[in-house]
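A.B. asks: Sharing a sequence plus its predicted fold:
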Protein chains: 2
Amino acid sequence: MRKTTIKDVAKKAEVSVATVSRTLNDPDSVKKSTREKVLDTVEKMEYDPNPVAKALRLNKVNSIGLIVPNITNTSMAEIIRGAHEELGDHGYNTVLFNSGEDFRREEHFCEIIQNTMVDGVIFVTGTGATPPVEMLSSDLAACLINRKSELEYVDQVMADEEEGMKLLTYHFNRMGHKRIGFITGNQQTSATKNKLKGYKNFFENNELEFNNEYVVSGNWTIEGAFLAMKELLGLKEKPTAVIIGTDTMALGALSAIRDSGLSIPEDIAISGFDNSPSSEYYTPPLTTLKYPNYKLGKLSARSILNRLENPDREKKNINIPLDIMIRKSCGYRIGFDQNR
Amino acid sequence: MRKTTIKDVAKKAEVSVATVSRTLNDPDSVKKSTREKVLDTVEKMEYDPNPVAKALRLNKVNSIGLIVPNITNTSMAEIIRGAHEELGDHGYNTVLFNSGEDFRREEHFCEIIQNTMVDGVIFVTGTGATPPVEMLSSDLAACLINRKSELEYVDQVMADEEEGMKLLTYHFNRMGHKRIGFITGNQQTSATKNKLKGYKNFFENNELEFNNEYVVSGNWTIEGAFLAMKELLGLKEKPTAVIIGTDTMALGALSAIRDSGLSIPEDIAISGFDNSPSSEYYTPPLTTLKYPNYKLGKLSARSILNRLENPDREKKNINIPLDIMIRKSCGYRIGFDQNR
DNA sequence: GAGTTGAAGATAAATGTTTTTAAAAAGTAT
DNA sequence: ATACTTTTTAAAAACATTTATCTTCAACTC
């Protein structure tokens, strides 16, 4: 049984195809009586306009590609949720691509996205390199999350990681810490580079000595952070506070500290980065930075939709500030001004 | 600047459009010299076949819809990863839908998926009801994850939660526990129903008294599990072991136990359910059940692709067993047979 | 040298919409 | 009845492909 087409409906309702089309797309342009007749047969015959034919005619498929480095990551999930929701609210579908932090696959996706049915792309890269947006056909709307692009027609929305990292170091410093360690994610990624920039900048601005030994990569894994923390604890002058690049890695770091018989925050003060849903339930509860993932997704989607409506508007560049989330792991003392 | 079409290529290469098409889709059917000439101009003009026109002609869009209850959930992320990978490997795109555990939105997606460009749907529901697959147009391939359907043409792949739950209770019982509690997720969901079946079944088979007080809902949230555990600890006869429906909820439960000054596993033995990546790093490391999420996604995708190739094949029904993952939280004793 | 065969490529139909056009029909006010 | 407006129609173009059918032409057979 073939699907019913607009022709079938037209024949059954004894009108022209044009009338059926107009009834569906611009109801006011057709007299009430015919409109009802048409709508009736549409219902009866269970007619659904073929989306592909429609897309071909209108040169618009009503879906947006979303390239992410790693769905498994909870922050990424929030980005996806935000983007998907906003897109869905405006009748767009989300076509997901998971690059797995692999630059080759990012390139690959950029290649095949040409041959795939999307009106635009939201790009979240994990790799250090700026995504190969230049490869994209220029009639595709594009928006980068947490990444810059030289291209005039590519929008970008970013979380201000550098500023956030300054916030964190500043907080620790105000609490009297001088030796502040930093367990990074993969050092190739811009997420890490941004944070590092904020970290270094803080030392420079305060004319404190910057010690490179205190920066060690946890490579974005719990195990890696465990090892990294062990390394920091092995230094002759251990740091008294450590900032860990992600909340997930913080789990490994906490475990390493306990493993060494030290206690948190008395011996070592800790902060994470992300405010993942479970960080509040770590032992001890984790001081961290609220990463606006959902908002990032939402705003990037909005940006894409906006550009689709207005292809020639100027480049948009949104920057979202991060808030510090103070919990027990950083060792606040009662009476200390933590503006809570 | 309009995108170059097959016509443009044909004109430039001084052949017919048919020849260009055949060169691209069935190179052997065209003489070497013409083939080279065509391929050359294709390259020069940067011609990409329009996927929409192709889809219209072939009645095939090469993408699959994936409806999930909650992307934020890490197990869901693994399912998505598995499905996406398998689909991508076979040239299919993944169109994501996030229902947010809302039955109304599940229905909504089933409605709009008609008007959206997919060849099939993979369905994983969070709500108790079987997904409204009957609503789907019958020429859409469909596969259900963790859910049954009466329909002959709908495949299903499931994790054997009931059997897994038996495994867990059995394990606790062998370690001498009689009063085994169970903190469930949302009780309306089939995930919970299945586990409950295994839980009850165990008691029946072993002629042990089943105490309904020991089953309390944590509603799938960390907070909920915290409260649920508090409730269990308030009973005159506390359970000596508690199974928690998800690893994430276990965080709340562990926190509640510590909050009451009890220790794990000495006072109370604990197991989770899922084997989430971080469960190994809880304090103490969490005994849990390996949930085959990635595999679930992968197999469902394979099932869909297979049906697309062979639409009239018989219904497929895959069942994946779960393995127990023994760690410290369940209080194994050295020398005890835990087949590790 | 006439007829047959086969390969290579051209032509045109088909996919299901939307939209434009010119024309016709139907309804409304003067 | 006339003029005018609103509604509808039929037909065709356009979107970019694939493919069934037809044509051409050279090689081969007898």
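C.D. replies: Yes, it's here.

A.B. asks: Alpha carbons only: can I get the helix or strand in which A:Phe123 is found in CSV?
C.D. replies: Assigned by DSSP states H and E, A:Phe123 belongs to strand A:120-124. The C-alpha trace of strand A:120-124 is given here as CSV (Å, rounded to 0.1, in the frame of the first residue of the first chain):
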residue,chain,number,x,y,z
GLY,A,120,23.1,24.1,9.8
VAL,A,121,25.7,22.8,12.2
ILE,A,122,26.4,23.3,15.8
PHE,A,123,30.0,22.4,16.5
VAL,A,124,31.5,21.4,19.9
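
A.B. asks: where's that strand relative to the chain centroid, distance-wise?
C.D. replies: 10 Å (Cα atoms, centre = their mean, to the nearest Å).

A.B. asks: for stretch A:157-171, same thing?
C.D. replies: 16 Å.

A.B. asks: any idea of the mean pLDDT for it?
C.D. replies: For stretch A:157-171, mean pLDDT is 93.

A.B. asks: Contacts for that stretch, please.
C.D. replies: A:143-148, A:180, A:191, A:194-199, A:201-203, A:243, A:271, A:273, A:289, A:291-292, A:296, A:299-300, A:303, A:316-322, A:324, A:326, A:330 (Cβ atoms under 8 Å, 6 or more residues apart in numbering or on different chains). No exception for glycine: its C-beta is placed from N, CA and C like everyone else's.

A.B. asks: What is the least confident helix or strand in chain A?
C.D. replies: helix A:103-112 (a mean of 87; mean pLDDT, DSSP states H and E).

A.B. asks: rewinding a little: buried subset of the contacts of stretch A:157-171, written for ChimeraX?
C.D. replies: Here is the ChimeraX command that picks out the buried ones among the contacts of stretch A:157-171, judged by 16 or more other Cβ atoms under 10 Å in any protein chain shown:
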select /A:143,144,145,146,147,180,191,194,195,196,197,198,199,201,202,243,271,273,289,291,292,296,299,300,303,318,320,322,324,326,330
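
A.B. asks: ok so, going back, what packs against the next helix or strand after the strand holding A:Phe123?
C.D. replies: Next helix or strand after strand A:120-124 toward the C-terminus (DSSP H and E): strand A:141-145. Strand A:141-145 is packed against strand A:120-124, strand A:154-159, helix A:293-309, with contacts defined by 3 or more Cβ pairs under 8 Å, 6 or more residues apart in numbering or on different chains; DSSP states H and E.

A.B. asks: the helices in the stretch 201-340 of chain A, which residues?
C.D. replies: A:222-233, A:247-259, A:293-309 (DSSP state H, counting those that start in this stretch).

A.B. asks: Tell me where the model's unsure across the stretch 201-340 of chain A.
C.D. replies: Scanning the stretch 201-340 of chain A with the threshold set as pLDDT under 70 gives A:332-340.

A.B. asks: residue boundaries of the strands in chain A?
C.D. replies: Assigned by DSSP state E, chain A shows strands spanning A:63-68, A:93-98, A:120-124, A:141-145, A:154-159, A:180-184, A:215-217, A:241-244, A:269-271, A:288-290, A:317-320, A:323-325.

A.B. asks: A:Lys238 against A:Ile257, yeah?
C.D. replies: No - between A:Lys238 and A:Ile257 there is no contact, the gap being 10.3 Å when judged by Cβ atoms under 8 Å.

A.B. asks: Overlap of the contact sets of these two?
C.D. replies: Joint contacts of A:Lys238 and A:Ile257 (Cβ under 8 Å, 6+ apart) are A:Ile268.

A.B. asks: Show me what from chain A comes close to DNA strand D.
C.D. replies: A:14-19, A:29-31, A:33-34, A:53, A:56-57, A:59 (Cβ under 7 Å from any atom of the strand).

A.B. asks: Farthest-apart pair in those, please.
C.D. replies: A:Ser33 and A:Asn59 (33.7 Å; Cβ to Cβ).

A.B. asks: Those two: which has the busier surroundings?
C.D. replies: A:Asn59 (11 against 8; other Cβ atoms under 10 Å in any protein chain shown).

A.B. asks: follow-up on the earlier one: format the helices and strands packed on strand A:141-145 as JSON lines; extra columns: distance to B:Lys7.
C.D. replies: Converted to JSON lines, the helices and strands packed on strand A:141-145 look like this (distance: least, Cβ to Cβ, whole Å):
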{"stretch": "strand A:120-124", "distance to B:Lys7": "26"}
{"stretch": "strand A:154-159", "distance to B:Lys7": "30"}
{"stretch": "helix A:293-309", "distance to B:Lys7": "27"}
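
A.B. asks: So which of the ones you listed is the most surrounded?
C.D. replies: Of all the helices and strands packed on strand A:141-145, strand A:120-124 carries the top mean neighbour count, a mean of 27, counting by mean count of other Cβ atoms under 10 Å in any protein chain shown.

A.B. asks: From the contact counts, what lies against that strand?
C.D. replies: strand A:63-68, helix A:74-89, strand A:141-145, helix A:293-309.

A.B. asks: Who are the contact partners of A:Ser63?
C.D. replies: A:87, A:92-95, A:117-119, B:95, B:116-117 are the contacts of A:Ser63 under Cβ under 8 Å, 6+ apart.

A.B. asks: Against DNA strand D, how distant is it?
C.D. replies: Separation of A:Ser63 from DNA strand D (Cβ to the nearest atom of the strand, to the nearest Å) stands at 17 Å.

A.B. asks: Bridged to that residue, which residues?
C.D. replies: A:Asn93 (DSSP bridges).

A.B. asks: ok, it to A:Tyr92 distance?
C.D. replies: 6 Å (Cβ to Cβ, to the nearest Å).

A.B. asks: which residues are common contacts for those two?
C.D. replies: Joint contacts of A:Ser63 and A:Tyr92 (Cβ under 8 Å, 6+ apart) are A:Asp119.
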